[in-house]
Structure formats: structure tokens, C-alpha cells
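Chemist: Sequence first, then the predicted structure, then my questions.
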Amino acid sequence: MSEQYPEMTPRVEVQGTMRAYRTKDCRYHIKGSICVDCDEKYYPPREGLMCPRCGSRNLKDYFPPKRGKVLVCWIDNVGYPAVGYTDLPPRTIVMVKLEDGLHVQSEIVEKEGETVEKGTPVKMVVRKHKKEDTGNWVYGYKFVEVK
Amino acid sequence: MKKNRRNVMLIGGAMTKPIPKDIGYRPYTAEPFFQCLDSLGLKPKDIEIFSVGYNERTHPDAAISPIFADILSGLNAPVIPVSTACAGGGTASFNIYNYIASGRFDLGASVSFSKPDVFYPMETANSMGNFTDVDHALGLTHFQYSYLRENYYQEKHFQDDLKPAAQWAWQDHWYSRRNPEAVLYGRPMPTEEQLMDRGIGGIRQRSAAGRSQACVLIFASEDVARNYSQPIYFDVGLANRSAYMGAHFHYPHPDHRECDISHQPGTKVAARMAMRFAEIELEDIDIFQIHDLTPYDGFMQMEALGITKPGEMGNLTLEGATALDGPYPTNTDGGAIGFGHSSVGGDFHSKVIENMKQLRGQGGERQVENPKVALAHAYGTHQSIDVVGIMRRGF
């Protein structure tokens, strides 16, 4: 990596690829956690932590269903887009209730800037997000309407 | 938790004016500190302990304690920095409150500052401070968190009716035109048409106005406070929740299983704690200063405090319940919409200072009649950290 940074750079690790690598299972598969003892499901994952419901540390990976319904929607057009998304059309941000009851915040593709009705059925897809500091494109989940 | 603790009193507070100044954050923060000490006849060396609230999201300096030991001349005193976003002032006050209540210190300062001219402004709108690992990777921001929650609450309880939100915002605007400290002081009042506008213009009239701010509160033990004019009893509660917004539909605690994103159980927990410390009930509170980045935030917080059932605060607002002469006078300084939202710089502290003025009868045109107990509330990182302070008129 030092070849990429001929000049001294503080906190080089922040600009490396590990952060994006660590989140790859979340970004590609919505990986969460489930408590083996009480069946409580969590997203984001709680690996290495404890179940806040029953106190167990017996948690394992959990991959929720990739379909759900839109619970609420907001068009991100008030003038403060996220860093890395400033050149894109206004994003349609939604909270999706997955079929197992978990909730994930995401965005709807192919309807950028348009409102999506509550209850609209959607499914997860993997799409391009933004460029990391390394110059690599970050991919991750978004949702599309189910026709 | 109640045993072996002393009463804590607020003896003074000061804040910066909402005027942009060509100075850095250090003299900017020192100004209200020295102003407050001068008004109390104190010297910096008299302060035994400091806690400084700042927002790591907006401030690049990592070693805050030695910097503030230098700024506040507290070279021989401990300086405890805390970064809990907009609730930082409340968390710093929670620190000082507990240090004094424990009996180990008699005089402490809770300091907060936010002067967002030292960072790239778009960063504050980014995901730092949310559930960073996932949110940062997927470009999910503070603004999105906020407006999703507002839309959810509005659709659940009001459908398309903007009147309750417009009324709450109008009230904030009204107070702010009567408060020289407010960022919108001196500006023309918005029209009903502007407040009811469904476009971006209307959203901005009904949303928080940004400002820089630094505040200082000086707390003392009851024995020391007797030497100062009009001290005020102070108690404070603090609660935390998951920082991931989707998790606000799945609270694992059995008391909150029925809650969703439109409920604020953290505020409820913090308020219960503060009221238990203060030995008061909700009915005893005469004034409410609520963190309201939008009117729906205000409704949700008031409902969490137990004033009414979820979804009914809007109607109460339309009936005038939160007005100066109503049963729940609210945000007499103008709230975040009119006074301004400065994040950690004043979102808790400025509310405490407004309550201090009200309890001392110094509210001017905004004065509530004969208040004895007042509440100040702030949250950080979109309801992941909630802090509630209870203030009671002292001797």
C-alpha cells in the first residue's frame, strides 16, 4: 500500500480497503445475527457481542429474506446529499420491512427522485454505490419494485 | 442509586450570541466561560472540575482535554471530554452532576461548543455518528434518518394534514422574535402560507435553523450554592439506544417491545431517571424545553414524556396547550426552529439557560407565570442518546 502513498499519510488504514471488506457480507447479503437461545434477530450483525434481549452470547450469522415492503419513503432532495453521491440524481430513501420483520434502511433504484407508496413490494438487488478513498467502487444492496 | 448523594445546584450559565465572529473556537468558547465566572465573582482556579461536550463529527481536534485545560485555565483541574453529538452538553452536565452529587467536588463547569467552520460541512450530513460501519458503506446519512422518521410519524398520525406541524413551528418562530439570543431574532415572521408550503421552502420554515454556539453552566453543591443568588436545583437523566435506525423498530428491552420509530423510549427512560432524582412527577413541571429539529420531533418527545398518548400531541398543540398561557408552555426560547440548532454547542445547555431565566423571572415577554419546575431535553445522533434535565427553583 505504501506505493500508493509516496507521501506520509496519517491513519493510512482508514483509506485502505479493510473497512469496505469487513462490511461485504452486510453490503451483499444483508448479513445479520440471530440469538440461538431466544431466536431474536438483529441487523446490523452483533457478532462478538451479546443478545440484548436475553443476555446470551450465543449468536450466529443470519441472512434474512431479501424481499419486503416499503414502510416509509423520503426523497433526498433538500440539498445535503451524502459524500460520494453528490453527482447523482436525488435518491429515493426508504425503510423496508423485510418478510421476517427486520427493518433495513436503503434506497429504491430505477425510480430515483420519485416517491414510492407505502406497502410497495420490493426485492433486494446489488448495485454500485460510491467510490472509496482507494478509488475502488463500493457495491451494496438497494431495492427495486417487484412488478 | 438514591443513597449517599448530595443535591446539585445550578448557580450560573452563559452563552455566545448568534453572531458570526472572525475568531477560532478557543476564544469563542472561552468568552461565555469568563463572562459567567465574572458574573459570579469566581476565578478559573475556583472551578474544581470541568466536563466539555463536543461533537467528534464536526471537530478535528482529538485531544480535547489538554486543549480545554489551556483554554479554561484549568491546568490543575480534571477536564473530562465527551462526544455524544447533540446530546453532548447534556452528557457533560451529567458528568458534573454526578461528580458533585458524589461529594468529591463542590464546584464544576459543564462546557459545550460547536463552531462548524473547521470541517467540511458535507461531512456532518454524512453517516458519521449513525451506525457507521453499515451506514457509511451505503451512503446513509443523518438527514435521511431524520426525514424518514418524520415522514413515518406524519403518515401514521396526520396523513396529509400539515396544520399541527405548522402551528408548532409558528410558535417557535413567535418566541424567537421575542428572544434577542435567537438566530431568527429580527427576521420577519413566516406567513401561514409559507408554514403550510409542502415544498422545500415550507420544509425549511418548519425545520431547525443552524447556528454556532458555545455555552457554560456552573454547578455547585448545595452548601456552596448558598453563597450565590437564586441557585436552582438540578437533576439529570441519560439513556442510550441503538444508533441504527432500523433497530428502532425492534427494541429488545421488554418495556419497549411495542415501540417503533415514532416512539421515543430513550426520552422516557431519561425523564423517569431525572424525575426520580428530583423527586417530582410530570404534573409538577411548568415549562418544557424540547429538542425539536422539526415539529414532529417535538410531538414525539412530548408524547414520550407522557403528556399525551402517541399521535395526540399535534391536536393538543392546535388547541394551544403548548402556548405561553397553556398547561405545557414549550420552547419559550424559540426551540431549534427559531432559537437555532447548534448541535452540542447549545442543544441542551441553551435550554437549561432559558429555564434558568424563566425560574428566576427574567423571561421578559416570554415569561411563564410563576414557574417552579422546568424540563430541558436534548437528543443526539437521531434519538440514540437522550438526556433530560429537571430544574427546580431553589432558595
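Modeler: Everything's here; your move.

Chemist: Residue B:111: how many residues sit nearby?
Modeler: 32 (other Cβ atoms under 10 Å in any protein chain shown). (C-beta placed from N, C-alpha, C; glycine too.)

Chemist: The closest residue to it other than its chain neighbours: what secondary structure?
Modeler: In space, and not counting its chain neighbours, residue B:111 is closest to residue B:52: 4.7 Å by Cβ to Cβ, 6 or more residues apart in numbering or on different chains. Three-state call for residue B:52 (DSSP: H, G, I helix; E, B strand; the rest coil): strand.

Chemist: Just list the residues touching residue B:52, thanks.
Modeler: B:64, B:65, B:68, B:79, B:80, B:81, B:82, B:92, B:111, B:112, B:113 (Cβ atoms under 8 Å, 6 or more residues apart in numbering or on different chains).

Chemist: Return the set of buried residues in the lowest-mean-pLDDT helix or strand in chain A.
Modeler: In chain A, no helix or strand scores lower on mean pLDDT, DSSP states H and E than helix A:18-22, which sits at a mean of 80. Within helix A:18-22, the residues scored as buried using 16 or more other Cβ atoms under 10 Å in any protein chain shown are A:19, A:20.

Chemist: and that helix, what does it pack onto?
Modeler: helix B:132-137 (3 or more Cβ pairs under 8 Å, 6 or more residues apart in numbering or on different chains; DSSP states H and E).

Chemist: from what I can see, residue B:108 looks like it's in a strand, true?
Modeler: Yes. Judged by three-state DSSP, residue B:108 forms part of a strand.

Chemist: is it in a bridge, and if so with what?
Modeler: Taking DSSP bridges as the rule, residue B:108 bridges to residue B:49, residue B:219.

Chemist: got a pLDDT number for it?
Modeler: Note on residue B:108: pLDDT of 97.

Chemist: Give me the distance between it and chain A.
Modeler: 33 Å (Cβ to the nearest Cβ, to the nearest Å).

Chemist: Could you identify the buried members of the contacts of residue B:52?
Modeler: Buried residues within the contacts of residue B:52, counting neighbours by 16+ other Cβ under 10 Å: B:64, B:68, B:79, B:80, B:81, B:82, B:92, B:111, B:112, B:113.

Chemist: can you pull the contacts of the last one?
Modeler: Counting by Cβ under 8 Å, 6+ apart, residue B:113 makes contact with B:25, B:28, B:29, B:52, B:53, B:54, B:213, B:214, B:215, B:344, B:345.

Chemist: Which ones among these map onto helices?
Modeler: B:25, B:28, B:29 (DSSP state H).

Chemist: Most neighbours among those, which one?
Modeler: residue B:29 (27 neighbours).

Chemist: I figured that residue hits residue B:111, correct?
Modeler: Yes. If you go by Cβ atoms under 8 Å, residue B:29 and residue B:111 touch, sitting 6.6 Å apart.

Chemist: per-residue confidence averaged over stretch B:306-314?
Modeler: On average, stretch B:306-314 scores 96.
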